[in-house]
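1. With the input below, show me the fold.
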Amino acid sequence: MGIYSLVPPLVVVILGIITRRAFEPLLAGCLVGFLMISPSGFPGNFVEAMTKTLQQEDMVWVILVCGLYGSLIHLIIQSGSVMAFGDYLLRYVKNRRSSLLVSWLMGVIIFIDDYMSALATGVTMRKITDTYQVSREMLAFMVSATAAPVCLLIPMSTWSIYCGSLLESNQVVEKGQAFQGFVQTIPFMFYPWAITTLALLVGLGYFPVIGRLKAAEAAAKNGTVAMTSGEAAGEQASHGKSGPIHFLLPLGVLIAATLLLNKDALKGVLVGVSFTYMYYWIAGVMRFEAVSEGVFDGFKTMIVALAILTMSYILKRVGDEMGLTPYVIDCVKPVLSKNLLPMIVFLALSFISYTTASSWGLYAVALPIVVPLAQAVGANVWLSIAAVFSSGAFGSQASFFSDVTVLTSSSTECSNVQLSFAQFPYSLMAAGIAAMLFLGCGFFY
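-> The predicted model follows:
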């Protein structure tokens, strides 16, 4: 369909900017695409594509993995073990600097999911950092910088599972090789590496505090910081019988099971959920009914993410049927340098991710275009894929209306607008560092 194949992804991007949502623009792009492909066959062709997508073996695998991860995350938070772990950490926090270091470390430790990291770290550390007159903006920056970015640096998170499934669906790796494929992108995740390192240096005092963050820190040291006023999203009033071991052991079992069972995320999380279910019940951490309900409640928390994923698969079908990838390659190949491609991909998609607060949806639209484009111009494919993934991390961490920013604001009791303005200079610095690294590696590789 030539230039008309650009219409569905443009609909997604434009509606994403307007609505600041992910699922609805993806759905609209799919509907528009199938209407253009066959007006007489619409909406039957859309229903058929959705049915075939949900019947795919890899789609069923992703639904089970993400849903069970949601169950495990929900159980860990609801058990109160995260709060107990925070209380345990408090005995090692002696000053302002160590409170920020522990906040950063906790964000790294809770690498399973960015939502869990944002909620658990903020809720756990807020009272501790208040004690040492740390501004809410500074705490929120530590939380935000270690949420989505860390999920892209450790290959056993909901982000890595999703990204790995996209590598399989775009035939970058063979079926069953999603884990190994994702691992190859980790060294090139320049934005996640840059922002997590920068946050650590700021927290330790090795990098200057500037802009709105400096003003917030000055106000906190003068005693004008708002003290903890109540429960934030996901906070438990009491952690009861929970202890640090009830937080660490389920994570340890999950990681060990995943590694021992041929790095199969589904088998690993199934073992992790089963162990946590029995462990919490037998140890008396949660009542039997609460544990059972928690498994289903946690699974439901992943419905939105799974809906986005389903629409992204369908949108790829639309692009394939309309010949989107061949058209883009034919247009861009004569003028695009293979050396510049990774940097251009990172900068362009970072702008889109920031303005739309989209990451997973953006990946679904961009990867089917970037991968064949990189292959066609002779650019390093893994470097180009990492540029796509890094751009989503930028949007998730920097955008003032992204889901992680909103959750971070809730858990730290800091306005999302205040957080966005306070951390934006550091986000731009990290993005600049990442862009230069993508440029340099584009020539080196």
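2. gap between residue 308 and residue 201?
-> Look at residue 308 and residue 201: by Cβ to Cβ, to the nearest Å, they are 34 Å apart. In this view, the C-beta of every residue, glycine as well, is placed from N, C-alpha and C.
3. same question, residue 388
-> 26 Å.
4. With neighbour numbers in mind, choose between these two.
-> residue 388 (26 against 13; other Cβ atoms under 10 Å).
5. so what's that one scoring on pLDDT?
-> Looking at residue 388, its pLDDT reads 95.
6. Hmm, it is touching residue 367, no?
-> Yes - here residue 388 reaches residue 367: they are 5.9 Å apart, a contact under Cβ atoms under 8 Å.
7. Okay, and residue 184 sits in which element?
-> Assessed by DSSP states H and E, residue 184 sits inside helix 178-185.
8. Using CSV, write down the CA coordinates of that helix.
-> What follows is helix 178-185, C-alpha atoms only, in CSV (Å, rounded to 0.1, in the frame of the first residue of the first chain):
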residue,chain,number,x,y,z
ALA,A,178,14.1,-14.8,24.0
PHE,A,179,16.2,-14.8,27.2
GLN,A,180,19.5,-15.2,25.3
GLY,A,181,18.4,-12.6,22.8
PHE,A,182,17.6,-10.0,25.4
VAL,A,183,20.9,-10.6,27.2
GLN,A,184,22.7,-9.5,24.1
THR,A,185,21.2,-6.1,24.2
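9. Might you calculate how far it sits from the centre of the chain?
-> 16 Å (Cα atoms, centre = their mean, to the nearest Å).
10. and what of stretch 350-357?
-> 14 Å.
11. Give me the mean pLDDT for it.
-> In the prediction, stretch 350-357 has an average pLDDT of 79.
12. now do stretch 93-113
-> Per-residue scores along stretch 93-113 average to 89.
13. The helix or strand harbouring residue 389 vs helix 178-185, what angle?
-> In this assignment (DSSP H and E), residue 389 forms part of helix 381-398. Here helix 381-398 runs at an angle of 80 degrees relative to helix 178-185 (axes from the mean of the first three to the mean of the last three Cα atoms, to 10 degrees).
14. what's helix 381-398 packed up against?
-> Applying 3 or more Cβ pairs under 8 Å, 6 or more residues apart in numbering; DSSP states H and E, one finds that helix 381-398 makes contact with helix 148-151, helix 178-185, helix 190-204, helix 341-356, helix 360-377, helix 403-412, helix 416-444.
15. Please identify which of the ones you listed is closest to residue 395.
-> Nearest to residue 395 among the helices and strands packed on helix 381-398 is helix 341-356; the distance by Cβ to Cβ comes to 2.6 Å.
16. quick revisit: tell me which of the helices and strands packed on helix 381-398 sits nearest to residue 33.
-> Comparing those by Cβ to Cβ, helix 360-377 comes nearest, at 11.5 Å.
17. Which positions in the closest one come out as buried?
-> Buried positions in helix 360-377, judged by neighbour count with 16 or more other Cβ atoms under 10 Å: 360-374, 376-377.
18. Same check on stretch 242-254?
-> Buried positions in stretch 242-254, judged by neighbour count with 16+ other Cβ under 10 Å: 242, 243, 244, 246, 247, 249, 250, 251, 253, 254.
19. Closest one of those residues to residue 192?
-> residue 251 (20.1 Å).
20. need the contact list for the closest one.
-> Residue 251 sits next to 76, 109, 112 when contact means Cβ atoms under 8 Å, 6 or more residues apart in numbering.
21. ok, so what distance separates the first one from residue 411?
-> Looking back up the chat, that one is residue 76. 15 Å.
22. Then residue 251?
-> 19 Å.
23. can you check residue 48 too?
-> 42 Å.
24. okay, these two: which has more neighbours?
-> residue 411 (25 against 13).
25. Verify the stated contact: the more buried one with residue 115.
-> No - look at residue 411 against residue 115 with Cβ under 8 Å: they stay out of range, at 10.1 Å.
26. Please export the C-alpha coordinates of stretch 367-385 as CSV.
-> Extracted in CSV, the C-alpha atoms of stretch 367-385 (Å, rounded to 0.1, in the frame of the first residue of the first chain):
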residue,chain,number,x,y,z
LEU,A,367,10.8,-2.9,16.4
PRO,A,368,9.2,-4.3,13.2
ILE,A,369,10.6,-1.2,11.4
VAL,A,370,14.0,-0.8,13.1
VAL,A,371,15.1,-4.4,12.9
PRO,A,372,14.8,-4.9,9.1
LEU,A,373,16.0,-1.3,8.6
ALA,A,374,19.2,-2.0,10.5
GLN,A,375,19.7,-5.3,8.6
ALA,A,376,19.1,-3.5,5.3
VAL,A,377,21.6,-0.7,5.9
GLY,A,378,24.2,-2.9,7.6
ALA,A,379,23.9,-1.4,11.1
ASN,A,380,24.5,-3.5,14.2
VAL,A,381,21.1,-5.0,14.9
TRP,A,382,21.6,-5.5,18.7
LEU,A,383,22.8,-2.0,19.1
SER,A,384,19.8,-0.7,17.2
ILE,A,385,17.4,-2.8,19.2
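27. who's in contact with it?
-> So stretch 367-385 is contacted by 9, 166-167, 170, 172, 184-185, 188, 316, 319-320, 324-326, 328-329, 332-333, 336-339, 341-342, 345, 387-388, 438, 441-442, 445 (Cβ under 8 Å, 6+ apart).
28. And for stretch 255-264?
-> 156, 179, 180, 265, 267, 268, 269, 271, 272, 275.
29. Check the gap between the residue most central in space within the chain and residue 418 for me.
-> By Cα atoms, centre = their mean, the mean C-alpha position of the chain lies nearest to residue 148, the distance being 3.9 Å. According to Cβ to Cβ, residue 148 stands 19 Å off from residue 418.
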